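Trainee: dropping the sequence and predicted coords here.
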Amino acid sequence: MRRIACNYLIVDGKKLTNQVVELDGERVISYYPLEEELAMTEWVDGTIEVVNLKIVDKKRNLQYG
């Protein structure tokens, strides 16, 4: 499992602030508010978006997974 935190997360057109996204391979399995530092969490500055259960970082034109 991979855990990524971001400033903003867009899911189904909704913009959420300070979120954590958990991935299993390339698939998003969950996301939730970042309430405290979590071990083994990568930080991505800016906005990322969930598209077809995958993470897209629009600022850097990258896909995670």
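Mentor: Good, I have the coordinates.
Trainee: so where's the protein shaky on pLDDT?
Mentor: 57-65 (pLDDT under 70).
Trainee: quick check, central residue of it?
Mentor: When the chain is reduced to its mean C-alpha position, the closest residue under C-alpha atoms, centre = their mean turns out to be Val21, at 4.0 Å.
Trainee: burial check on the residue nearest to it when sequence neighbours are not counted, number of neighbours?
Mentor: The shortest distance from Val21 to any non-neighbouring residue, by C-beta to C-beta, 6 or more residues apart in numbering, is to Tyr31 (4.6 Å). Any C-beta I mention is one placed from the backbone N, CA and C, and that applies to glycine too. A count of nearby residues for Tyr31, using other C-beta atoms under 10 Å, gives 18.
Trainee: so Tyr32 touches Gln19, yeah?
Mentor: Yes: at 6.9 Å, Tyr32 and Gln19 qualify as touching, with contact defined as C-beta atoms under 8 Å.
Trainee: how about the contacts made by the residue nearest to Val21?
Mentor: Tyr31 is in contact with 9, 11, 16, 19-22, 50, counting by C-beta atoms under 8 Å, 6 or more residues apart in numbering.
Trainee: how much space between Val20 and Val28?
Mentor: 11 Å (C-beta to C-beta, to the nearest Å).
Trainee: on that earlier part again, what's the helix or strand for the residue nearest to Val21?
Mentor: Per DSSP states H and E, Tyr31 falls inside strand 27-33.
Trainee: may I see the buried residues of the helix or strand that that strand is followed by?
Mentor: Next helix or strand after strand 27-33 toward the C-terminus (DSSP H and E): strand 41-51. Within strand 41-51, the residues scored as buried using 16 or more other C-beta atoms under 10 Å are 44, 48-50.
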